[in-house]
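In: coords below, sequence missing:
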């Protein structure tokens, strides 16, 4: 029987940590609590909802159907609480407090840091949270304040600025070319080591549509992390698509078959309600200016 008492937010935070790690001890380390406290939180939440949330197995704690049903609501609570704290951290009319930015792994790790360094030098009281992931965070649900996206926003309540197109080309490290030579055609790629994602992404589907000859070509190195793919390219493992402006920073990366090019349509977006927030407005403008310069670097 479910309890009629209102559960503490701490219980939901603990619940999400146990879901992520499948372990009371790992959740305790993440949250800075003791394992018995984590256990009490889960027991209290189970008493409140009137259902068992986890079962023990050799792989750790596995979520029950009740836990999986509760998960999206707990995640919404988490994002709402984080947004509330970011708003509360901002003094009126001052550029201070926390701004959460969502961007792809490559943009977040390779392109944004120098832009954000200049921004924080100009506004020392500004705190940046950067979510560098290829997953799209929901701006309407305030999972992030500002997003750099490689697709045009479709939600009406967003303020968006188109940056332009970031070209993707085929590249290889000079060490790879010394070992295996340079392909002279798409057909030659079948005899080379290619680097790619271990699952189809939007740009891979676009590539196959534009260049059907790529269909059926196997990858010698695959990963679902963009940074791992970039490091594999720079280590000379094989040939990979890479952002042209980024590749220009490394003289050891050689562009191959320049007639093959894909385009990433790039946007900066935020919820329209944040346009009067000094911290978000300044950050939005800095991202737009910095990314425009990045795109122009390929011109």
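Out: Sure, I can see it. This one's a predicted model, so the numbers in the text were calculated from it and none came from an experiment.
In: going forward, measure contacts between C-alpha atoms and count neighbours the same way
Out: Noted.
In: the strands in the protein, which residues?
Out: 54-57, 60-63, 97-103, 126-132, 146-149, 158-173, 195-197, 221-223, 240-243, 253-271 (DSSP state E).
In: most neighbours per residue, which of these?
Out: Mean neighbours per residue, mean count of other Cα atoms under 10 Å, is largest over the strands of the chain for strand 146-149, with a mean of 26.
In: Point out the other helices and strands that that one packs with.
Out: When contacts are defined as 3 or more Cα pairs under 8 Å, 6 or more residues apart in numbering; DSSP states H and E, strand 146-149 sits against strand 97-103, strand 253-271.
In: pLDDT score for residue 229?
Out: Residue 229 carries a pLDDT score of 93 in this model.
In: For the remainder of this discussion, apply numbering that starts at 597.
Out: Okay, residue one is now 597; in that scheme the one you just asked about reads as residue 825.
In: Report how many residues lie close to it.
Out: As a burial measure, residue 825 scores 23 neighbours (other Cα atoms under 10 Å).
In: Give me the distance between it and residue 767.
Out: 12 Å (Cα to Cα, to the nearest Å).
In: coming back round to it: residue 715 is nearest to which of the helices and strands packed on strand 742-745?
Out: Closest approach to residue 715 among the helices and strands packed on strand 742-745 is made by strand 693-699 (11.8 Å; Cα to Cα).
In: by contact count, what packs against the closest one?
Out: Counting contacts by 3+ Cα pairs under 8 Å, 6+ apart, strand 693-699 is packed against helix 661-684, strand 722-728, strand 742-745, helix 874-892.
In: if we go to 6 Å?
Out: strand 722-728, strand 742-745 (3 or more Cα pairs under 6 Å, 6 or more residues apart in numbering; DSSP states H and E).
In: Contacts only, for residue 762.
Out: 859-860 (Cα atoms under 6 Å, 6 or more residues apart in numbering).
In: That one pairs with what?
Out: residue 860 (DSSP bridges).
In: The closest residue in space to residue 886 that isn't next to it in sequence: how many residues sit nearby?
Out: Using Cα to Cα, 6 or more residues apart in numbering and skipping residues adjacent in sequence, the residue nearest residue 886 is residue 711, 5.7 Å away. Neighbour count of residue 711, defined by other Cα under 10 Å: 17.
In: now residue 665
Out: 12.
In: circling back to that earlier point, the strands of the chain: which one's closest to residue 629?
Out: Of all the strands of the chain, strand 656-659 comes closest under Cα to Cα, at 17.9 Å.
In: I'd like to know which elements that closest one is packed against.
Out: strand 650-653.
In: Direction included, what does the strand it packs on pair against?
Out: Counting by DSSP bridges, strand 650-653 is paired with strand 656-659 (antiparallel).
In: if we look at the strand it pairs with, which residues are touching it?
Out: Residues from elsewhere that reach strand 656-659 (Cα under 6 Å, 6+ apart): 618-619, 649-651.
In: switch the cut-off to 8 Å
Out: 614-615, 618-619, 649-652 (Cα atoms under 8 Å, 6 or more residues apart in numbering).
In: Return the distance of the closest residue to residue 617 other than its chain neighbours relative to residue 795.
Out: If the residues on either side of it in the chain are set aside, residue 617 comes closest to residue 623, at 6.3 Å by Cα to Cα, 6+ apart. For residue 623, the distance to residue 795 (Cα to Cα) stands at 29 Å.
In: related to what we said a few turns ago, what about the helices and strands packed on strand 693-699, which gets the closest to residue 690?
Out: So among the helices and strands packed on strand 693-699, strand 722-728 is nearest, using Cα to Cα, at 9.5 Å.
In: quick revisit: common neighbours of residue 825 and residue 767, please.
Out: Joint contacts of residue 825 and residue 767 (Cα under 8 Å, 6+ apart) are residue 836.
In: mind pulling up the phi and psi values for residue 648?
Out: phi -80, psi 130 (degrees, to the nearest 10).
In: Distance of it relative to residue 659?
Out: From residue 648 to residue 659 the distance is 9 Å (Cα to Cα).
In: out of residue 623 and residue 795, which sits in the busier spot?
Out: Using other Cα under 10 Å as the criterion, residue 623 and residue 795 rank with residue 623 on top: 24 against 9.
In: Can you give me every residue that contacts the more buried one?
Out: If you count contacts by Cα under 8 Å, 6+ apart, then residue 623 has 610, 613-614, 617, 631, 634 around it.
In: Next one, pLDDT for residue 786 please.
Out: So, for residue 786, pLDDT stands at 87.
In: any idea how far it lies from residue 866?
Out: 42 Å.
In: same question, residue 815
Out: Residue 815 is 37 Å from residue 866, by Cα to Cα.
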